[in-house]
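Student: Model the structure of this input:
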Amino acid sequence: MSRTDTRTAPAPAARTAAPGARRRTAPDWLWAALLTLAVGLVGSGTPQMWRDEIASWSAATRDTGDLLDMLGNVDAVSGAYYLLLHGWTTLFGDSLVALRAPSALAMAGAAAFVVLTARTLFDRRTAVFAGLLFALIPVVSRYAQEARSYAFVVLAVAAATWLLLRALERPGVRRWLPYSVAVCAAGLFHIVSLLVLLPHAVIVLLRARRARRWKLAAGYALAVVVALLPVVPLVLLGQNQAGRQIGWLTTPHLRTIAEVWNSLFGSPLVAAGVLAAAALPLAWSRGRRPAMEIALVGALPVVGCWIVSQGSTAYFFDRYLAFTVPAWVVLAAAGLAALRPRAAGVVGLALIIGLGVTDQVQLRAKLSKEKGVVGASVADVITKGYRPGDGFVPVRGHDSVYMVDYQVEYNLPDRVKLRDVFAAKSAVANDDLFPVACAQPTACLGDTRRIWVVTWSGTKDPFHKLPAAEADALRAHYKVVESTKVRGLQVTLVERNR
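Tutor: Below you'll find the predicted structure:
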């Protein structure tokens with residue numbers, strides 16, 4: 001919101017002592033960023049990686065040429081993140097903490113822009129509330145501890161929103177260009193985040209109309225064109241790969257909009273608290289106009305994504321909309337900060353944060369207990385009984401999505417080298433996340449004497465859910481030596497018949 005436009009500015013108290021206010025802003029955004037970083041890093045080395053993180057590791061640890069070849073076939077929409085993570089792991093390694101640290105840093109950056117946006121639209125009290133709330137809601141720590149691109153999307157959109165407000169205060173190339181860069185980054189990290197252009201465009205048009213400065217709209221349009229030029233090829237390539245990437249998503253119903261909030265904030269109680277607090281500023285005359293603008297940034301992408309998802313391809317999913325969380329946090333902070341007496345706002349803030357404590361603790365643990373997220377446990381069993389020359393047969397087929405093979409590979413020590421018996425071509429050689437299965441399983445067995453078979457438990461069959469030809473080849477030429485059940489998986493050592 002422009003501080004030079006008296007018709008649209010917030011309450012005078014928020015605008016007085018501008019030089020001093022700016023001096024106080026830096027510590028506000030800095031402590032918010034550091035708090036968010038600390039929350040994101042604490043415990044980040046404990047939960048095992050789930051399948052999407054494993055995909056990030058697999059892609060990022062390939063040679064640059066192999067990674068680019070893979071992106072031509074699959075996961076192009078994640079290419080910017082994979083390349084960033086590739087450079088990071090080259091420098092800092094691929095431990096759990098190292099893989100997740102970039103996300104923690106990105107979310108810390110997002111916290112800084114949340115505070116700056118709240119300070120620009122409202123006042124310092126709102127900025128302080130927004131910084132605390134953003135740092136301590138469960139969904140923020142969840143994506144700050146996940147080796148995926150979502151934290152970077154949140155950062156890019158939060159930055160773009162603040163940069164838009166700055167550009168509208170004093171339009172010019174020096175302010176529109178950073179906005180273009182932020183929007184471009186958002187699109188490169190996740191295409192769905194470009195839906196933020198809807199509320200941004202509405203804000204620009206409303207301000208241009210009020211001030212009768214239509215050059216604002218022209219400047220915005222040019223900035224968007226510049227931002228989208230590098231993104232268009234990715235959009236086209238991503239559409240060709242959409243069937244593999246998000247073909248599992250179904251057309252959302254109206255009730256889906258009501259259901260998405262719990263996951264969007266990582267806690268149903270926090271979702272209720274944030275949305276209740278966010279409704280407060282819209283009911284009061286003080287701050288109603290900036291509240292309406294930031295509400296648009298939170299709400300329009302959700303509605304827009306639902307509408308777009310009624311077509312042939314669905315995109316409506318909670319983590320794809322995580323970039324709207326900063327807007328909701330700023331709006332909720334504005335409502336809490338305006339409560340009277342002032343202590344009521346502090347109590348409300350503490351209550352919302354407190355409601356999320358349990359989910360804060362459980363969220364990451366829940367992900368690490370997903371079906372198939374037991375790579376470390378399986379690797380321990382194999383490592384204890386390993387002999388050089390051993391083979392490996394993981395469950396794949398329709399269950400390749402769980403990436404059991406990669407989970408085990410990641411957790412095996414360097415001295416343990418298993419031959420993927422039924423892989424005719426490795427995933428890297430296949431320029432894909434998955435290998436090519438052997439067409440003649442019996443021939444692919446070769447002279448492998450011992451094989452570790454990893455399948456789902458719940459049955460006495462050690463080859464449960466393996467393709468029939470692979471299971472038949474193993475039964476015909478191998479006998480079971482030992483079998484161990486590990487949290488939903490069965491690790492079976494078989495040895496060739498004499």
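
Student: Do I have it right that residue 325 meets residue 139?
Tutor: Yes - with contact defined as Cβ atoms under 8 Å, residue 325 reaches residue 139; the gap is 6.2 Å. Placement of C-beta: from N, CA and C, glycine included.

Student: Quickly list what's touching both of the two.
Tutor: 264-265 (Cβ atoms under 8 Å, 6 or more residues apart in numbering).

Student: Low-confidence bits of the chain, can you list those?
Tutor: By pLDDT under 70, the weakly predicted segments of the chain are 1-26, 241-245, 247, 283-287, 364-372.

Student: now the residue most central in space within it, nearest residue through space, not along the chain?
Tutor: Closest to where the C-alpha atoms of the chain average out (Cα atoms, centre = their mean) is residue 150, at 2.4 Å. In this structure, residue 150 finds its nearest non-sequential neighbour in residue 143, 4.5 Å apart by Cβ to Cβ, 6 or more residues apart in numbering.

Student: got it, and residue 154?
Tutor: According to Cβ to Cβ, 6+ apart, the nearest residue to residue 154 is residue 110 (4.6 Å).

Student: and what of residue 419?
Tutor: residue 391 (4.8 Å).

Student: which ones are touching the one you found?
Tutor: With Cβ under 8 Å, 6+ apart, residue 391 has these contacts: 418-421, 445, 448, 450-452.

Student: Narrow these to just the buried residues.
Tutor: 418, 420-421, 445, 448, 450-452 (16 or more other Cβ atoms under 10 Å).

Student: Restricted to strands, list those residues.
Tutor: Among those, DSSP state E puts 420, 450-452 in strands.

Student: Between which two of the residues you listed is the distance greatest?
Tutor: 420 and 450 (14.2 Å; Cβ to Cβ).

Student: The residue nearest to residue 215 when sequence neighbours are not counted: neighbouring residues, count only.
Tutor: In space, and not counting its chain neighbours, residue 215 is closest to residue 171: 6.9 Å by Cβ to Cβ, 6+ apart. Neighbourhood size, residue 171 [other Cβ atoms under 10 Å]: 17.

Student: Same question for residue 282.
Tutor: Counted with other Cβ under 10 Å, residue 282 comes out at 14.

Student: Next up, the contacts around it.
Tutor: 288, 291-292, 295.

Student: and the helix or strand encompassing residue 181, how far out from the chain's middle?
Tutor: Using DSSP states H and E, residue 181 sits within helix 173-189. In terms of Cα atoms, centre = their mean, to the nearest Å, the centre of helix 173-189 is found 19 Å from the chain centre.

Student: how about that helix: buried residues?
Tutor: Buried, per 16+ other Cβ under 10 Å, within helix 173-189: 175-176, 178-189.

Student: so after that helix, what's the next helix or strand?
Tutor: Counting by DSSP H and E, what follows helix 173-189 is helix 197-211.

Student: picking that back up, so the residue nearest to residue 215 lies in a helix, does it not?
Tutor: No - judged by DSSP: H, G, I helix; E, B strand; the rest coil, residue 171 forms no part of a helix; its state is coil.

Student: of all the buried residues of helix 173-189, which comes closest to residue 315?
Tutor: Using Cβ to Cβ, these come closest to residue 315 at residue 187, 13.6 Å.

Student: Now do that closest one against residue 463, distance only.
Tutor: Separation of residue 187 from residue 463 (Cβ to Cβ, to the nearest Å): 45 Å.

Student: need the contact list for residue 175.
Tutor: Contacts of residue 175 by Cβ under 8 Å, 6+ apart are 163, 166-167.

Student: among the residues you listed, which ones are buried?
Tutor: 163, 166-167.

Student: For the residue nearest to residue 386 when sequence neighbours are not counted, the count of nearby residues, please.
Tutor: Once flanking residues are discounted, residue 386 sits nearest to residue 416: 5.0 Å by Cβ to Cβ, 6+ apart. By the criterion of other Cβ under 10 Å, residue 416 has 18 neighbours.

Student: do you know how far residue 416 is from residue 380?
Tutor: On the measure of Cβ to Cβ, residue 416 and residue 380 end up 11 Å apart.

Student: repeat for residue 342
Tutor: Taking Cβ to Cβ, one finds residue 342 at 54 Å from residue 380.

Student: Over to residue 360?
Tutor: Distance from residue 360 to residue 380, by Cβ to Cβ: 29 Å.

Student: What of residue 260?
Tutor: 38 Å.

Student: Who has more neighbours out of the two?
Tutor: residue 260 (20 against 15).

Student: Could you double-check that that one lies in contact with residue 302?
Tutor: Yes - using Cβ under 8 Å, residue 260 makes contact with residue 302 at a distance of 7.2 Å.

Student: and for those two, which residues touch both?
Tutor: In contact with both residue 260 and residue 302: residue 321, using Cβ under 8 Å, 6+ apart.

Student: before we move on, which element is the residue nearest to residue 150 in?
Tutor: Using DSSP H and E, residue 143 falls in helix 138-144.

Student: With residue 58 instead?
Tutor: helix 51-60.
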